[in-house]
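Asker: model the following, please.
(chains A and B)
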Amino acid sequence: GAVVSQHPSWVICKSGTSVKIECRSLDFQATTMFWYRQFPKQSLMLMATSNEGSKATYEQGVEKDKFLINHASLTLSTLTVTSAHPEDSSFYICSATRQGVYTEAFFGQGTRLTVV
Amino acid sequence: QKEVEQNSGPLSVPEGAIASLNCTYSDRGSQSFFWYRQYSGKSPELIMFIYSNGDKEDGRFTAQLNKASQYVSLLIRDSQPSDSATYLCAFHSGGYQKVTFGTGTKLQVIP
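Answerer: A predicted model of the protein is given here:
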């Protein structure tokens, strides 16, 4: 199956700083990547859809100026949490889809962000 | 109406029993359906996908799809404690590659 690598797997940062999370598709070209956030004991919440070479599409209620998404190539998308606060502490997961009729989502390992 | 509805559970079954997980969806244009399993603190992993009406079997897992009723289910035979996880139903529709997820059903297999 296709492999999506997410880095880092965990990060602790101080309140007010920014954190960048990378999502790479290792063996396929991902024209579309998705960023999810998951709080403890809750489901995946789609934050934004990232298309290569264009601006990301954010879900309602997600601040685009706080969660910066860049999809510069067909294999890399980044999520930057700017001016992080403790309430941003969460599990962030990226996924990539490979074009086809049966579009399976391949997930990265997730990034556990803790803002102190 | 939510696009994908799942009972949040928890669904508790004894070890060795059949676990039945259900999911309904609202988009009649949905083409393919997926079941993902997510262990606590981990990313989801694909168990099965199904795109035709009827049953699809893979080992202890059977996915069932009824497009007329907009219903998809997952049966887990001979449930094991290691099957304890949250199971996410998802579907893909149209040319846009977005995969829509349900909220998940938490399954507990009691030894």
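Asker: who's in contact with residue 85?
Answerer: All of this refers to chain A. Contact analysis of residue A:85 by Cβ atoms under 8 Å, 6 or more residues apart in numbering or on different chains lists A:15-16, A:115. Backbone N, C-alpha and C define where each C-beta goes, glycine included.
Asker: you looked at the wrong chain, it should be chain B
Answerer: B:37-40, B:106-107.
Asker: at 6 Å instead, please
Answerer: By Cβ atoms under 6 Å, 6 or more residues apart in numbering or on different chains, the residues touching residue B:85 are B:37-39.
Asker: kindly report the same for residue B:11.
Answerer: B:105, B:107.
Asker: so what pairs up with it in the strands?
Answerer: residue B:107 (DSSP bridges).
Asker: measure stretch B:55-70 end to end?
Answerer: With Cα to Cα, to the nearest Å applied, stretch B:55-70 spans 14 Å between its terminal residues.
Asker: show the pLDDT at residue A:38.
Answerer: For residue A:38, the model assigns a pLDDT of 91.
Asker: same question for stretch A:57-73, mean pLDDT?
Answerer: 92.
Asker: let me redo that: stretch A:94-102
Answerer: 74.
Asker: that older thread, by neighbour count, which of the contacts of residue A:85 wins?
Answerer: residue A:115 (20 neighbours; other Cβ atoms under 10 Å in any protein chain shown).
Asker: I'd assumed residue A:87 was in contact with that one.
Answerer: No - between residue A:115 and residue A:87 there is no contact under Cβ atoms under 6 Å: 7.9 Å.
Asker: you'd agree residue A:98 is up against residue A:28?
Answerer: Yes - counting by Cβ under 6 Å, residue A:28 is a contact partner of residue A:98 at 5.0 Å.
Asker: mind listing the shared neighbours of these two?
Answerer: What both residue A:98 and residue A:28 touch, as defined by Cβ under 6 Å, 6+ apart, is the set residue A:2.
Asker: the residue nearest the centre of chain A pairs with what?
Answerer: Note on chain A: the residue nearest the mean C-alpha position is residue A:35, at 3.5 Å, using Cα atoms, centre = their mean. In this entry, residue A:35 is beta-bridged to residue A:48, residue A:94, by DSSP bridges.
Asker: wait, it sits on residue A:45?
Answerer: No - using Cβ under 6 Å, residue A:35 is not in contact with residue A:45, being 9.9 Å away.
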